[in-house]
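[1] need a structure here:
(one chain, ligands or ions: 1)
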Amino acid sequence: MPKLKTRIDRASADFQRNHADNTALAELLRERQSWVVSGNREREIRRHLDRGKMLVRDRINCVVDPCSPFLELSTLAAFGQYDDQSPGAGIVTGIGMIHGIHVMIIANDATVKGGTLFPQSVEKHIRAQRIAEENRLPCLYLVDSGGAFLPTQDRSFPGKDHFGKSFFNQCQMSTAGLPQISVVLGGCTAGGAYVPALSDEVIIVRGIGRIFLGGPPIVKAALKEIVDAETLGGAELHTYKSGVSDLMVDTEEQAYSAVRSIFESLNWPRQNTFDRRPVSAPLYDPEELSGIVPTDYKVGYDVREVIARLVDGSDFQEFKPAYGTTIVTGFAFIHGYPIGIVANNGILFSESALKATHFIELCNQRGTPLLFLQNTTGYMVGQQAEEAGIAKDGAKMVAAVACATVPKYTVLIGASFGAGNYGMCGRGFEPRFLFAWPNSKIATMSSETAETVLVDIRRSGLKGGTEEELEELKLGVRQQYETQSDPFYATSRLWDDGIIEPGQTRDVLGLCLSLADRVPRAPARFRVFRM
Ligand code: COA
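    Below you'll find the model as predicted:
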């Protein structure tokens, strides 16, 4: 395959400026991630440790294979929401390896309001289950949760995708042969109790693990019965009498060792579906991405420089390089797995949309997974573009993305505006994973366009307004768009599966692709046709 050549000059002022800007963003990301791990709850962490309990990430470290990677998802969920009472939404989700099997781990953080679930916690839990379902991963639940966080119950309990959905998912996944294993590590109340009760196998740790549909306060309120937590739902009761737990152990370490034995004896199928080739590193260092990608999406650059740092050997079989040049399409390998890349290189015109549609169909026909690298302000507008049929051509691309049955992955590497978000496989188009870089922006349009549009609408509408009022509106819109298009705002609301640093992208994608390798290929749903 042809090799991509770089034109980057590491000594240039542009490279140095981009590097400084992206390094500052990466530092901000790490600072916020470490706040999630231990911020704002010193007393709660101390009490947790004093009770002889392990912190949530130590639990995960203890159960996964030594030195294996753990891909944590949506670390910054709920960031900046709920008065900062819910770091990480009080739940850790991610993919780890146990006895060589990739497992979705869903673990409550009891140092965050007793592991109770805020609306974003429920969303994060359900998103993790969705990823498990699509990638056929067993689920391990490390349960330490008081159920719903009651003050926000109207946004987490009754709706279609609220708490009930997580139990529905557990039942469906167990039916589909995806093992559901729970370890009970704290006071698991109400919803927290149904997680183990609906699992295939349950381990409980004596002294700390408790399961009850209603804890002592609820029992007191409902029946005026006074009973202590251990008597009501302790490990001995559930292992020797109720049978809700299958195995009681004395320590957390013993619990994780028992979990590992369960996975060792799963009889888990390991056949692969992709034509994997030996892995080779890119010719150019992925860390150079920080010097290549400008933090201002309005500054253009050649996206091939990004591709050259993501793919094996920087080998890229480009498709239709001379046509629709504002989109780059082509075949490559990442960590040995085949991938079809669709990457923005400017605004989307009719030709770019048609080329992308053709390429998506090729990938679908060949069973090659698709990677979308989003950096677009959307489809071209204006009389000329409309005459050329941008609406129908853009729609072809959107339809191809929606119908493609191959695994799809999206990384927001810059702007993600308007229908460009859809055509480039935004969240609504169900990519298997969607990650964002710290420099990305996501909104219906840029703040500059939004303020112009809204002021013009107001000026020509019934309400009108003085110049002063219009200026105030303009400032308000700009501020709103700038706040809401920020990647930290987006990740807090689960619009992605996490913010990753550019230099981590290749390895993260490699792990994601390795999951798809085990899932049988869905049949191609449409034939290749020329546009
Ligand atoms: N909703 C809202 N807040 C809750 C809560 C809930 N379901 N459960 C606990 N909290 C809060 C507590 O008020 C406390 O907040 P504070 O630190 O601001 O005072 C914090 O979470 C920690 O709770 P605490 O009881 O001090 O921690 P713990 O580790 O000793 O016990 C539980 C944790 C979850 C076992 C215990 O709080 C409990 O049983 N809660 C009730 C659970 C319940 O009834 N759920 C019903 C859901 S439908």
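[2] So Arg276 sits against Asp312, correct?
    No. At 10.6 Å, Arg276 does not count as touching Asp312 under the criterion of CB atoms under 8 Å. Glycine gets a C-beta too; all of them are placed from N, C-alpha and C.
[3] So for the two, which sits in the more crowded spot?
    Between Arg276 and Asp312, counted using other CB atoms under 10 Å, the more crowded position is Asp312 (23 against 15).
[4] now the closest residue in space to that one that isn't next to it in sequence, what's its secondary structure?
    Distances taken as CB to CB, 6 or more residues apart in numbering put Phe333 closest to Asp312, at 4.2 Å, once the chain neighbours are dropped. Classification of Phe333 using DSSP: H, G, I helix; E, B strand; the rest coil returns strand.
[5] near the ligand, which residues of the stretch 51-200 of the chain?
    By CB under 6 Å from any ligand atom, the residues of the stretch 51-200 of the chain that approach the ligand are 110, 113-114, 116, 146-151, 187, 189-191.
[6] The chain now?
    So the chain meets the ligand at 110, 113-114, 116, 146-151, 187, 189-191, 215, 218 (CB under 6 Å from any ligand atom).
[7] These in strands, which ones?
    187, 189 (DSSP state E).
[8] Can you select the buried ones among the residues of the chain next to the ligand for me in ChimeraX?
    Listed next is the ChimeraX selection for buried residues among these, using 16 or more other CB atoms under 10 Å:
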select :110,113,114,116,146,147,148,149,187,189,190,191,215
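[9] what about Glu123, distance to Ser156?
    9 Å (CB to CB, to the nearest Å).
[10] that's a strand at Ser182, yeah?
    Yes. Assigned with three-state DSSP, Ser182 falls within a strand.
[11] so what's it scoring on pLDDT?
    Here, the pLDDT recorded for Ser182 equals 98.
[12] show me what contacts the residue in the stretch 251-400 of the chain positioned nearest to the ligand?
    Of all residues in the stretch 251-400 of the chain, Glu252 sits closest to the ligand, at 15.6 Å by CB to the nearest ligand atom. Glu252 makes contact with 53-54, 59, 62, 185, 205, 208, according to CB atoms under 8 Å, 6 or more residues apart in numbering.
[13] which two from those residues end up farthest apart in space?
    Pairwise distances across the contacts of Glu252 peak at 14.5 Å for Cys62 and Ile208 (criterion: CB to CB).
[14] Those two - which one has more neighbours?
    Between Cys62 and Ile208, counted using other CB under 10 Å, Ile208 has the larger neighbour count: 21 against 16.
[15] wait, isn't the more buried one in contact with Lys53?
    Yes. With contact defined as CB under 8 Å, Ile208 counts as touching Lys53 (5.8 Å).
[16] Can you pull the residues that touch both of the two?
    Counting by CB under 8 Å, 6+ apart, the residues touching both Ile208 and Lys53 are 185-186, 252.
[17] Let me see the contact set for Asn40.
    84-85, 87.
[18] Ok, Ala415 next?
    297, 374-377, 440-442, 446 are the contacts of Ala415 under CB under 8 Å, 6+ apart.
[19] Can you list the low-confidence ranges for this protein?
    Applying pLDDT under 70 to the chain picks out residues 524-531.
[20] what's the longest strand in it?
    Max-length strand for the chain by DSSP E is strand 408-417.
[21] what about the strands in the stretch 401-531 of the chain?
    Ranges of strands in the stretch 401-531 of the chain, per DSSP state E, counting those that start in this stretch, are 408-417, 433-436, 441-443.
[22] Can you say which of those strands is nearest to Lys224?
    strand 433-436 (50.2 Å).
[23] Just the buried residues of the longest helix belonging to the chain, please?
    Of all segments of type helix in the chain, defined using DSSP state H, the longest is helix 13-38. The neighbour-count check on helix 13-38 (16+ other CB under 10 Å) flags 15, 18-19, 21-22, 25-26, 29, 32-33, 36 as buried.
[24] same for it, what does it pack against?
    Counting contacts by 3 or more CB pairs under 8 Å, 6 or more residues apart in numbering; DSSP states H and E, helix 13-38 is packed against helix 289-292.
[25] about what we covered before: tell me which of the strands of the stretch 401-531 of the chain is the most buried.
    strand 408-417 (a mean of 26; mean count of other CB atoms under 10 Å).
[26] what's near enough to touch the residue in the chain positioned nearest to the ligand?
    In the chain, no residue comes nearer to the ligand than Gly146, which is 2.4 Å away by CB to the nearest ligand atom. Residues in contact with Gly146 (CB under 8 Å, 6+ apart) are 113-116, 187-190, 192, 215.
[27] mind running it again at 7 Å?
    Gly146 sits next to 114-116, 187, 189, 192 when contact means CB atoms under 7 Å, 6 or more residues apart in numbering.
[28] Identify the residue spatially nearest to Gly39, adjacent ones excluded.
    Using CB to CB, 6+ apart, the nearest residue to Gly39 is Pro87, at 5.7 Å.
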